[in-house]
Structure formats: C-alpha cells, structure tokens
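[1] give me a 3D structure for the following:
(one chain, ligands or ions: 2)
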Amino acid sequence: MSLLEARNLEKQFGGLKAISGLSFSVPENIIFSVIGPNGAGKTTLFNMLTSIYKPTSGSIFYKGNNITGMPPHKVAGLGITRTFQNLQVFLNMTALENVKVGCHMHSNSGLISAALRLPSVMKEEHRVRKMAMEVLEFCGLGDIADMPASALPYGILKKLEIARALAAQPDLLLMDEPAAGLNDTETMELCDLIVQICQSGITIILVEHNMSLVMEISHHVLVLNYGKLLAQGSPYEIQHNSKVISAYLGGE
Ligand SMILES: Nc1ncnc2c1ncn2[C@@H]1O[C@H](COP(=O)(O)OP(=O)(O)OP(=O)(O)O)[C@@H](O)[C@H]1O
Ligand SMILES: [Mg+2]
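    Residues are numbered from 1 along each chain as shown. Ligands and ions are numbered 1, 2, ... in the order given. Modelled structure (predicted):
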C-alpha cells in the first residue's frame, strides 16, 4: 500500500488552475521528488497535502484514510510535517528551543499542570529536552543547541528547520526547496542528511530546483508543468524524457 495517494487533485485560484487533474502515489520509505518550473504548482501541492489549502476538488489519502480537508493540526498529528520555501524558524529562541517546539506535538502536559510545575511535567520536560538534543545531534547541530537562532547562519537555520520538523516524529516529511540559498558544501551535507532521514524510515517528498541533488538521491521523480503532471519515473527516465527536457531541463 502506498503511504500517500493523491487522486485527481485540483486547486483553483480565481481563474488560475494552479493544480489540475493530478494523481500520483508515494510508496513508503522513498525519496519522492517533485520538480517543475517556477509557478508549476509545487508549493500549492504541499499546501494541499498539509491541509493549509483545501483542494478545489479531488482527494488525498494517507495510510489508506481520506484526509482531504482535515484541519492542518490533525494532519500533522497523523505524521505529516514539512519545511517551508521561506525559512520559518523562531529567531528569538535558541536552536534547542526551536526543536522543542516540534517535540511538543507529542507532549501531553496540560497548561495548569505545567504552570504548577508538577513532577509529571518536569519529567515530561526532561524527556522533551533529551529528544530535542537527539534530533539536533542527528542533524549535526549538537554543538549549537544553546545558540540563539538569530546568531546562526542561513545554512544552519535551514538544517534547524528540518530538525524541528523531525522532532514531531513524522512518517512523511515534505521539504520545499531545502537547498535554496545553500553553498556547495552545505548542499552536500544536506544531501547526506536527506538520505539519512530516509534510511531512518521516514518517507520524503522533496521539492527542489537543484537538479544534481534531485537526480542523485531520488528514487522517483514527478514533473509538474502548469499544474499538470508532465512525466514521472526514475531519475534516469526523467533525464531522458524529451517532454521534460524541452519543458524544463533544457538542452544540458
Ligand atoms: N494563495 C494564492 N492565491 C493566488 N494564486 C496563488 C496562490 N498561491 C499560489 N498561487 C499561484 O499558483 C501558481 C503556482 O504557484 P506555486 O507557488 O505553487 O508554484 P511553485 O511551483 O511552488 O513555484 P516556485 O518554484 O517559484 O516556488 C502560481 O501561478 C502562483 O502565482
Ligand atoms: Mg514553491
């Protein structure tokens, strides 16, 4: 069974069909990339998969359940998390605090017991801190745990955002242009991190313009053009598909 399935998805903004007639399925435990020119509808697709936008029509199935139109926090609670095209980290918090925000998806302390600092809450706080540290270390950020996010360079913040998404213990992680703005070394590190995340059992849907990264690590690539599926297949098939070359990849 596929982990995620989109059936005939459509999203219309006024007269513009940002996504139309889009169907695909994502098997478990792979790196599934979505590529396409600017404005092709990639972020709109992510916004539908995370329920930020309700599809105009069509449906989304996750682990066999129809999640179309479910509130975003419920979708997140089912194990779908994401990072954003425009970096979203809390600059007034430390790196560790940012990741703890992700962990709190699974924290069950109530507000009153938290205010009273009950032993159960202190224990929970200890558990969350430990888990956040583990995630930071997994992402190679253990050393900067107590640094304020505002003092960290952009490349580290991009990783920190991934760490926060991982702290919510997703089964499916959506990444919207994680390599944008990174230098070559940072891109290589990101590449390794994405592969490690997949190897840890998390399925990844990756939106990315960096074609060497996409072709190196993806198991499956889907190409969107003007909101429609242009082609899908292995990186090799996509690189040799004449429709994809003329619409997107160019002559190189
Ligand atoms: N909230 C919105 N209201 C109106 N139009 C929108 C909205 N969001 C996206 N669009 C339009 O939908 C189309 C798809 O946009 P989207 O951001 O999904 O593209 P994208 O593939 O992510 O592009 P990029 O590679 O530049 O990030 C564009 O024409 C965009 O202007
Ligand atoms: Mg986008």
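[2] so what pLDDT did the closest residue to ligand 2 within the stretch 101-250 of the chain get?
    At 6.0 Å from ligand 2, Asp176 is the closest residue in the stretch 101-250 of the chain, using C-beta to the ion. C-beta: built from backbone N, CA, C; applies to glycine. pLDDT, Asp176: 97.
[3] what sits against the closest residue to it other than its chain neighbours?
    Nearest residue to Asp176, sequence neighbours excluded (C-beta to C-beta, 6 or more residues apart in numbering): Gln85, at 4.3 Å. Contacts of Gln85 were listed using C-beta atoms under 8 Å, 6 or more residues apart in numbering, and they are 43, 176-177, 180, 207.
[4] again, 7 Å this time
    43, 176-177 (C-beta atoms under 7 Å, 6 or more residues apart in numbering).
[5] count of neighbours near Asp176?
    Per other C-beta atoms under 10 Å, the neighbour tally for Asp176 reads 20.
[6] from ligand 1, how far out is it?
    7 Å (C-beta to the nearest ligand atom, to the nearest Å).
[7] shouldn't that residue be in contact with Leu45?
    No: here Asp176 lies out of contact with Leu45, judged by C-beta atoms under 7 Å, at a distance of 9.7 Å.
[8] quick check: longest helix of this structure.
    helix 119-138 (DSSP state H).
[9] name the helices or strands packed onto it?
    helix 95-103, helix 111-115, helix 154-167 (3 or more C-beta pairs under 7 Å, 6 or more residues apart in numbering; DSSP states H and E).
[10] following the last one in sequence, what is the next regular element?
    Read it as helix 154-167. Next along the chain after helix 154-167, taking DSSP states H and E as the criterion, comes strand 172-176.
[11] contact partners of that following strand?
    With C-beta under 7 Å, 6+ apart, strand 172-176 has contacts from 3-4, 43, 46, 49-50, 79-85, 165, 197, 202-207.
[12] quick check: what element follows that strand along the chain?
    Next along from strand 172-176, by DSSP H and E: helix 184-199.
[13] on that earlier part again, show the pLDDT at the residue nearest to Asp176.
    So Gln85 comes in at 93 (pLDDT).
[14] name the SS class of it, please.
    Using DSSP: H, G, I helix; E, B strand; the rest coil, the structure places Gln85 in coil.
[15] and for Phe46?
    With three-state DSSP as the criterion, Phe46 reads helix.
[16] would you mind measuring from the residue nearest to Asp176 to Leu224?
    15 Å (C-beta to C-beta, to the nearest Å).
[17] near ligand 2, which residues of the protein are found?
    Proximity of the chain to ligand 2, by C-beta under 5 Å from the ion, involves residues 42-43, 85.
[18] for this protein, give me the ranges with low pLDDT.
    Low-confidence segments of the chain (pLDDT under 70): 105-116, 251-252.
[19] can you name the residue of it nearest ligand 2?
    Nearest residue of the chain to ligand 2: Thr43, at 3.1 Å (C-beta to the ion).
[20] what sits against that residue?
    Thr43 sits next to 85, 176 when contact means C-beta under 7 Å, 6+ apart.
[21] where's it, which helix or strand?
    Element membership for Thr43 (DSSP H and E) is helix 42-49.
[22] buried ones among the contacts of strand 172-176?
    Those of the contacts of strand 172-176 that meet the buried threshold are 3-4, 43, 46, 49-50, 79-84, 165, 197, 202-207, by 16 or more other C-beta atoms under 10 Å.
[23] show me what stretch 64-80 is in contact with.
    With C-beta under 7 Å, 6+ apart, stretch 64-80 has contacts from 1, 49-52, 54-55, 59-62, 105, 168, 170-172.
[24] before we move on, back to that, got the phi/psi numbers for the residue nearest to Asp176?
    When read as degrees, to the nearest 10, the backbone of Gln85 gives phi -60, psi -40.
[25] keeping just the C-alphas, turn the longest helix of the chain into PDB.
    Extracted as PDB, the C-alpha positions of helix 119-138 are listed here (Å, rounded to 0.1, in the frame of the first residue of the first chain):
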ATOM      1  CA  PRO A 119       6.700  16.300  38.800                       C
ATOM      2  CA  SER A 120       5.000  14.700  35.800                       C
ATOM      3  CA  VAL A 121       5.600  17.900  33.900                       C
ATOM      4  CA  MET A 122       9.200  18.100  34.900                       C
ATOM      5  CA  LYS A 123       9.700  14.500  33.800                       C
ATOM      6  CA  GLU A 124       8.000  15.400  30.500                       C
ATOM      7  CA  GLU A 125      10.200  18.400  30.100                       C
ATOM      8  CA  HIS A 126      13.300  16.300  30.700                       C
ATOM      9  CA  ARG A 127      12.000  13.800  28.000                       C
ATOM     10  CA  VAL A 128      11.400  16.600  25.500                       C
ATOM     11  CA  ARG A 129      14.800  18.100  26.100                       C
ATOM     12  CA  LYS A 130      16.500  14.800  25.600                       C
ATOM     13  CA  MET A 131      14.600  14.100  22.400                       C
ATOM     14  CA  ALA A 132      15.300  17.500  21.000                       C
ATOM     15  CA  MET A 133      19.000  17.100  21.700                       C
ATOM     16  CA  GLU A 134      19.000  13.700  19.900                       C
ATOM     17  CA  VAL A 135      17.400  15.200  16.900                       C
ATOM     18  CA  LEU A 136      19.800  18.200  16.900                       C
ATOM     19  CA  GLU A 137      22.700  15.700  17.000                       C
ATOM     20  CA  PHE A 138      21.200  13.600  14.200                       C
END
